[in-house]
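[1] here's my sequence, what's the structure:
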Amino acid sequence: MIYDLKTGMLLYHKSDLRNDAWFQDGGEQHQRQSGSFSTYALRNTRTVAVPWMGGTMPSWVITGLSLSYSGAKSITVDGMIGAPSQFMRSSTFTFGAGTDRFVPVVVTTVSQDMVTSQSSTSTVSGIAHIGGVFIPPEAAGLGTGIFDQDPDTGIISSITKNDYEVIVVSKTNGYDYSVEYGYNTYGKMVQMVTSVLTTTSDGFGSMEQTSLILL
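    Numbering: from 1, shown residues only. Below you'll find the predicted structure:
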């Protein structure tokens, strides 16, 4: 990762991940190798008018708190017969010592696919975050509607539901990607649903949907 020294802004990010997993097949053990490679470079900067930016940090956000979520990833393929394939998921969000605007979070995820794997990622959740693990409780008083559209990615951010019981914030490009974050009136994330549609050049498609619910 490369950062600008004056602003602390991330300019370039490269990720090269490899996973050497062992699995049992009858009386034999086999090794399966997989991985991913990605690069990101800064393309543009702009100011986003997040509607709850003027809110306050929820009082329940304290150092050492852990939020546990459970759910599954389901895969539906065009022409498939029977129910979608499902793979269990669980994630734990653990808060570090934060400020009155943001808090560091360690996210530990267990994925039960063909083999079970565990990963841990350090991130940050804050007042101005779209899709963070919390939002200010003042967001309960907001209305619904679109509040941002990214000119580079086409991602549209909006509040799609706010009935004083649950607040739903969504991000979508309107075609093959969407994610919905559900929050209770205390600003705590209680559900997250991510949907990704993949289509091949000959029109063959598959839908992958991952859902997590607060335990």
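
[2] and G64, how far from A139?
    Distance, G64 to A139, using CB to CB, to the nearest Å: 25 Å. (Each C-beta comes from the backbone N, C-alpha and C, glycine too.)

[3] more neighbours: the two, which one.
    Set side by side, G64 and A139 show more neighbours around A139, with 19 against 8, by other CB atoms under 10 Å.

[4] now do the strands in this structure.
    2-3, 10-25, 28-41, 66-77, 85-95, 102-112, 116-126, 145-149, 156-162, 167-172, 177-183, 189-199, 205-214 (DSSP state E).

[5] buried residues in the fifth one?
    The one in question is strand 85-95. R89, S90, S91, T92, F93, T94, F95 (16 or more other CB atoms under 10 Å).

[6] quick one, what contacts I159?
    P51, A139, L142, G143, T144, G145, F147, I167, V168, V169, S170 (CB atoms under 8 Å, 6 or more residues apart in numbering).

[7] related to what we said a few turns ago, save the strands of the chain as a markdown table, and put in distance to T56 and mean pLDDT too.
    Formatted as a markdown table, those follow (distance: least, CB to CB, whole Å; pLDDT from 0 to 100):
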| stretch | distance to T56 | mean pLDDT |
| --- | --- | --- |
| strand 2-3 | 29 | 90 |
| strand 10-25 | 27 | 73 |
| strand 28-41 | 32 | 73 |
| strand 66-77 | 19 | 93 |
| strand 85-95 | 16 | 93 |
| strand 102-112 | 12 | 93 |
| strand 116-126 | 12 | 89 |
| strand 145-149 | 19 | 96 |
| strand 156-162 | 18 | 97 |
| strand 167-172 | 16 | 97 |
| strand 177-183 | 15 | 97 |
| strand 189-199 | 17 | 94 |
| strand 205-214 | 21 | 93 |
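
[8] among those strands, which comes closest to T47?
    Among these, strand 145-149 comes nearest to T47, with 10.1 Å by CB to CB.

[9] partner strands of that closest one, with direction?
    strand 156-162 (antiparallel) (DSSP bridges).

[10] next, the buried residues of the strand it pairs with.
    Buried residues in strand 156-162, counted by 16+ other CB under 10 Å: I156, S157, S158, I159, N162.

[11] tell me the contacts of the third one?
    Read that as S158. T144, G145, I146, F147, V169, S170.

[12] same question for the second one.
    By CB under 8 Å, 6+ apart, the residues touching S157 are V48, I130, I146, F147, D148, Q149, D150, V169, S170, K171.
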